[in-house]
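**Student:** Give me a 3D structure for the following:
(4 chains)
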Number of protein chains: 2
Amino acid sequence: MEKIKQNTLHGEVAERIRDMIAQGTLAPGSRVPEKQLCEQFGVSRTPLREALKVLAYEGFVELLPNRGARVAKLTRAALKNTFEVMQNLEALAGELAGERITEQELTNIEALHYQMLAHYKNGNMQEYLLANQQIHEAIVIASQNDVLIDVYKNLNHRVRRVRFTAELTNDYWSIAVAEHEAMIDALRARDGNALSSILRQHLKNKVEFSALEEMAE
Amino acid sequence: MEKIKQNTLHGEVAERIRDMIAQGTLAPGSRVPEKQLCEQFGVSRTPLREALKVLAYEGFVELLPNRGARVAKLTRAALKNTFEVMQNLEALAGELAGERITEQELTNIEALHYQMLAHYKNGNMQEYLLANQQIHEAIVIASQNDVLIDVYKNLNHRVRRVRFTAELTNDYWSIAVAEHEAMIDALRARDGNALSSILRQHLKNKVEFSALEEMAE
DNA sequence: AACCTTAAAAATGAATGCATAATTTGTTAT
DNA sequence: ATAACAAATTATGCATTCATTTTTAAGGTT
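**Tutor:** So this is what the prediction gives:
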């Protein structure tokens, strides 16, 4: 995985810790050992602690006074809540994208869509999920609302671990693909309202059928 | 104003800086002088810098590598985007609150509502806006969705400066009060859908009529 | 006088050091 | 043997210090 070069040390450290949490190297509920991570990253405690403050506000860890940081548990309730919000944000994004999407963005999403279809035909679920994810992100970006984009990305970050470990049943998979077809149609027609309701339904199905909530403890 | 006791120094510092930004003591676009603030608060640079990392994530300041922190400008576009998202989040909150609000929460909101009406009758705009704000927050809390609550509070924080400097025209003010009446009715009936659409309209009106977007530079 | 170059000053980013709180370990008493 | 207490170890929170970068200022050149 190519890593985006962060200008700041604490930013780099935060990114590394986020990865470790997403990959499960740092188990949920476990404490974050400052000293050990410092040695591992070859940095002092100052930038590491700064990174922890940021991660705390992003919801990746929780800070207990005089007890350091613990990896936040992604409880079932938290996952449900996060999806509930993301669902709504994507619906808003769709609505706005209908009015604001550029030709180039549309072309790009279409390309991703066809790639995704190919992965579906090949039964390649990992690649499918990746393209799928990129399409959803692209729609959010097409909303041209920076605040929406930021908030969405943060929430997406928090749940990315479960997003890519989901198992799709064949039945649901075909439904999802059909819904994606409808999304593309709505985008081409610049029909924000249609796109919005398709997205809302799509994400509701996703949570229901892919048993995403089962993935949290 | 009573201040909530923060356990951590950096949390306390962050709160103080937020206030300074909200009150305009730290002007938008100006740099945040670490040394000066350290002396003023009587703390060292470490907790102050930790606070700045948090504030950057919250959108109050922006961090430039090797150039420290600058107070983020609340541009008109950013304000518009923020309201766009908040509007949607409140609509979602209303929908959920319809299903989930507790008796006690409802009673509390009713009480706030009557307080607000009193301030309206007295023409006390500051107090009105405060009660208004508390009602909106209470509805969001009644959604029982912690993620939603967190995101909403953060966005609300960012725009609080303009929220309380808004000037309401008498015409709009009476419309707003009527909409609030409808909100209370919908809540009492536990009608999430109705509440959701009332909130959506209410917030759209608020932005339009109170000329909130004019308040940003 | 305006502009560029260069040196001094100030500010930032990160490492280290110190005091305090929490955790672990070892001992003793029941 | 288990539980409770106490000492030692460890980790955290904050202050201080050091190195690097940026900003400011001065002096010289055109």
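**Student:** and chain A, which residues reach DNA strand C?
**Tutor:** For chain A, the contact set with DNA strand C under C-beta under 7 Å from any atom of the strand comprises A:8, A:9, A:10, A:43, A:44, A:45, A:46, A:47, A:50, A:65, A:66, A:67. All C-beta atoms are positioned from the backbone trio N, CA, C, and that covers glycine.
**Student:** swap the cut-off to 6 Å and go again
**Tutor:** A:8, A:9, A:10, A:43, A:44, A:45, A:46, A:47, A:66, A:67 (C-beta under 6 Å from any atom of the strand).
**Student:** Scan chain A for its longest helix.
**Tutor:** In terms of residue count, the longest helix belonging to chain A (DSSP state H) is helix A:76-100.
**Student:** residue contacts, residue A:17?
**Tutor:** A:26, A:32, A:37, A:51, A:52, A:55, A:60, A:61 (C-beta atoms under 8 Å, 6 or more residues apart in numbering or on different chains).
**Student:** actually residue A:51, sorry about that
**Tutor:** A:10, A:11, A:13, A:14, A:17, B:53.
**Student:** could you point out where chain A is predicted with low confidence?
**Tutor:** Applying pLDDT under 70 to chain A picks out residues A:1-7, A:210-217.
**Student:** if you set the cut-off to 80 instead, what comes out?
**Tutor:** A:1-7, A:161, A:163-168, A:207-217 (pLDDT under 80).
**Student:** What segments of it are helices?
**Tutor:** A:9-22, A:34-41, A:45-58, A:76-100, A:103-121, A:125-142, A:146-163, A:170-188, A:192-209.
**Student:** who wins for proximity to residue B:117 among those?
**Tutor:** When these are compared by C-beta to C-beta, helix A:76-100 sits nearest residue B:117, at 30.3 Å.
**Student:** by contact count, what packs against the closest one?
**Tutor:** Where contact means 3 or more C-beta pairs under 8 Å, 6 or more residues apart in numbering or on different chains; DSSP states H and E, helix A:76-100 is packed against helix A:125-142, helix A:146-163, helix A:170-188, helix A:192-209, helix B:76-100, helix B:146-163.
**Student:** Check these for me and report the most buried one.
**Tutor:** helix B:76-100 (a mean of 21; mean count of other C-beta atoms under 10 Å in any protein chain shown).
**Student:** now it, how far from the centre of its chain.
**Tutor:** Distance, stretch centre to chain centre, for helix B:76-100: 11 Å (C-alpha atoms, centre = their mean, to the nearest Å).
**Student:** and the most far-flung residue of chain A relative to its centre, what are its phi and psi?
**Tutor:** Computed with C-alpha atoms, centre = their mean, the maximum C-alpha offset from the centroid of chain A is found at residue A:66, amounting to 31.5 Å. Backbone torsions for residue A:66, taken as degrees, to the nearest 10, come to phi 60, psi 10.
**Student:** Quick check: bridge partners of the closest residue to DNA strand D within chain A?
**Tutor:** In chain A, the residue that lies nearest DNA strand D is residue A:68 (3.0 Å; C-beta to the nearest atom of the strand). On the basis of DSSP bridges, residue A:68 is bridged to residue A:64.
**Student:** Return the distance of it relative to residue A:124.
**Tutor:** Separation of residue A:68 from residue A:124 (C-beta to C-beta, to the nearest Å): 41 Å.
**Student:** what sits against the residue nearest in space to the middle of chain A?
**Tutor:** Nearest residue to the geometric centre of chain A (C-alpha atoms, centre = their mean): residue A:156, 2.5 Å. Contacts for residue A:156 were tallied using C-beta under 8 Å, 6+ apart; they are A:86, A:137, A:163.
**Student:** Quick one: neighbours of residue A:41, just the number.
**Tutor:** Around residue A:41 sit 16 other residues, with neighbours defined as other C-beta atoms under 10 Å in any protein chain shown.
**Student:** That one is in contact with residue A:13, isn't it?
**Tutor:** Yes: between residue A:41 and residue A:13 there is a contact under C-beta atoms under 8 Å: 6.0 Å.
**Student:** which residues do those two both contact?
**Tutor:** Shared contacts of residue A:41 and residue A:13, defined by C-beta under 8 Å, 6+ apart, comprise residue A:48.
**Student:** Give me the neighbour count for residue A:64.
**Tutor:** Residue A:64: 12 neighbours (other C-beta under 10 Å).
**Student:** okay if I get the helices and strands packed on helix A:76-100 as a markdown table plus distance to residue B:199?
**Tutor:** Formatted as a markdown table, the helices and strands packed on helix A:76-100 follow (distance: least, C-beta to C-beta, whole Å):
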| stretch | distance to residue B:199 |
| --- | --- |
| helix A:125-142 | 22 |
| helix A:146-163 | 18 |
| helix A:170-188 | 25 |
| helix A:192-209 | 17 |
| helix B:76-100 | 4 |
| helix B:146-163 | 12 |
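**Student:** how about the closest residue to residue A:145 other than its chain neighbours, what does it touch?
**Tutor:** Take residue A:145 and drop its neighbours on the chain: the residue closest to it by C-beta to C-beta, 6 or more residues apart in numbering or on different chains is residue B:81, 4.5 Å away. Each residue near residue B:81 by C-beta under 8 Å, 6+ apart is listed here: A:145, A:146, A:147, A:148.
**Student:** quick check, nearest of those residues to residue A:90?
**Tutor:** residue A:148 (9.4 Å).
**Student:** so does stretch A:12-21 get close to DNA strand D?
**Tutor:** No: Stretch A:12-21 does not reach DNA strand D (C-beta under 6 Å from any atom of the strand); its nearest approach is 13.1 Å.
**Student:** Kindly export that stretch (C-alpha atoms) in PDB.
**Tutor:** Provided in PDB are the C-alpha atoms of stretch A:12-21 (Å, rounded to 0.1, in the frame of the first residue of the first chain):
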ATOM      1  CA  GLU A  12       2.700  10.200  10.100                       C
ATOM      2  CA  VAL A  13       2.500   8.500  13.500                       C
ATOM      3  CA  ALA A  14      -1.200   8.900  13.600                       C
ATOM      4  CA  GLU A  15      -1.500   7.200  10.300                       C
ATOM      5  CA  ARG A  16       0.600   4.300  11.400                       C
ATOM      6  CA  ILE A  17      -1.400   3.800  14.500                       C
ATOM      7  CA  ARG A  18      -4.600   4.000  12.500                       C
ATOM      8  CA  ASP A  19      -3.300   1.200  10.300                       C
ATOM      9  CA  MET A  20      -2.300  -0.900  13.200                       C
ATOM     10  CA  ILE A  21      -5.800  -0.500  14.700                       C
END
